[in-house]
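Undergrad: let's see this in three dimensions:
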Amino acid sequence: MKTTSAKDVGAGDAFIRIDQVCKTFAARDGAPIVAVDNVDLHIGGAEFVSLLGPSGCGKSTLLSLVAGLIQPSAGGVDIGGAEIAAPYTNVGIVFQSDLLLDWRTVLGNVLVQFEMRGQDPRPHEARARELIASVGLAGFEKKYPWELSGGMRQRVSICRALIHDPPLLLMDEPFGALDALTREQLQVDLQRIWQSSRKTVLFVTHSISEAVFLSDRVVVMTPRPGKIREVLRIDLPRPRAIDVRDTEAFAANVRHINRLFQDMGVIH
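TA: This is a model prediction of the structure:
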């Protein structure tokens with residue numbers, strides 16, 4: 001367990017640079033609401049970083065700023081050396097809701113990425129089938145979302161996010177609505193996919209154990225306005241099996257983060 005600087009990427013030069021970013025929204029009465037305040041964070045290529053904090057602390061806002069879906073009130077976001085001043089398209093995004101199209105098959109939902117980009121999806125069908133098989137859904141290509149379990153639907157959404165082979169994967173509470181057993185299996189599946197593809201992942205979660213299990217670094221955020229309280233490097237060997245949770249090293253990381261939230265009054 002090691003506390004690091006938010007700019008200590010550790011995996012080489014930073015792929016994502018979030019520099020002194022603030023985001024303020026206006027309430028209905030016009031009063032300013034500061035969602036994110038003076039956040040500095042550098043993320044290395046192929047690094048897995050989790051944003052961990054209480055509801056309303058700005059985790060999803062920060063993800064939207066990286067994606068270019070909203071613009072900062074101050075500071076800036078840079079990906080691969082280019083300032084993000086508009087929606088960033090070379091990215092895969094997975095939300096808590098799978099957002100599958102109920103009238104399209106599993107294969108059709110994965111390939112919809114190309115149609116939305118004005119491209120012919122047919123040359124990518126073999127790649128889509130490979131991805132679907134890699135998440136344990138071989139044979140389900142012609143099934144519809146309403147024929148799938150919640151975990152299966154979320155696997156499809158991950159395939160959809162990866163089909164165009166983006167260097168960056170943004171995940172906003174992707175397993176939050178799943179049962180505990182399915183959630184644990186998808187954590188293992190995601191780790192395997194990440195290790196084989198070596199994409200940069202920025203992952204939003206409320207779960208301390210999930211963040212510790214998946215991440216190279218965990219960014220602990222304060223209650224609103226969201227600031228970085230501490231960045232923790234997770235020095236656990238990979239690949240990580242579920243039983244790593246039984247080790248003292250894993251428990252020490254969880255205890256440390258729990259104490260941070262207790263100090264902030266998030267956990268009583």
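
Undergrad: shaky segments in this protein?
TA: For the chain, the stretches with pLDDT under 70 are 1-12.

Undergrad: check which element follows the top helix by length along it along the chain.
TA: Secondary structure assigned by DSSP state H gives helix 180-197 as the longest helix of the chain. Next helix or strand after helix 180-197 toward the C-terminus (DSSP states H and E): strand 200-205.

Undergrad: re the thing from before, list the buried residues of the longest helix of the chain.
TA: Going by neighbour count (16 or more other CB atoms under 10 Å), the buried part of helix 180-197 is Thr182, Arg183, Glu184, Gln185, Leu186, Gln187, Asp189, Leu190, Gln191, Ile193, Trp194. Every residue, glycine included, has its C-beta placed from N, CA and C.

Undergrad: repeat that for stretch 69-82.
TA: Pro72, Ser73, Gly75, Val77, Asp78, Ile79.

Undergrad: next, the distance between the ends of that stretch.
TA: 16 Å (CA to CA, to the nearest Å).

Undergrad: burial count for His42?
TA: 20 (other CB atoms under 10 Å).

Undergrad: ok so, going back, tell me the angle of the longest helix of the chain relative to strand 200-205?
TA: Angle, helix 180-197 to strand 200-205, by axes from the mean of the first three to the mean of the last three CA atoms, to 10 degrees: 170 degrees.

Undergrad: measure the residue of the chain most remote from its centre to Asp37 for me?
TA: Going by CA atoms, centre = their mean, the residue of the chain most distant from its centre is Asp29, 32.5 Å out. Using CB to CB, to the nearest Å, Asp29 is found at 21 Å from Asp37.
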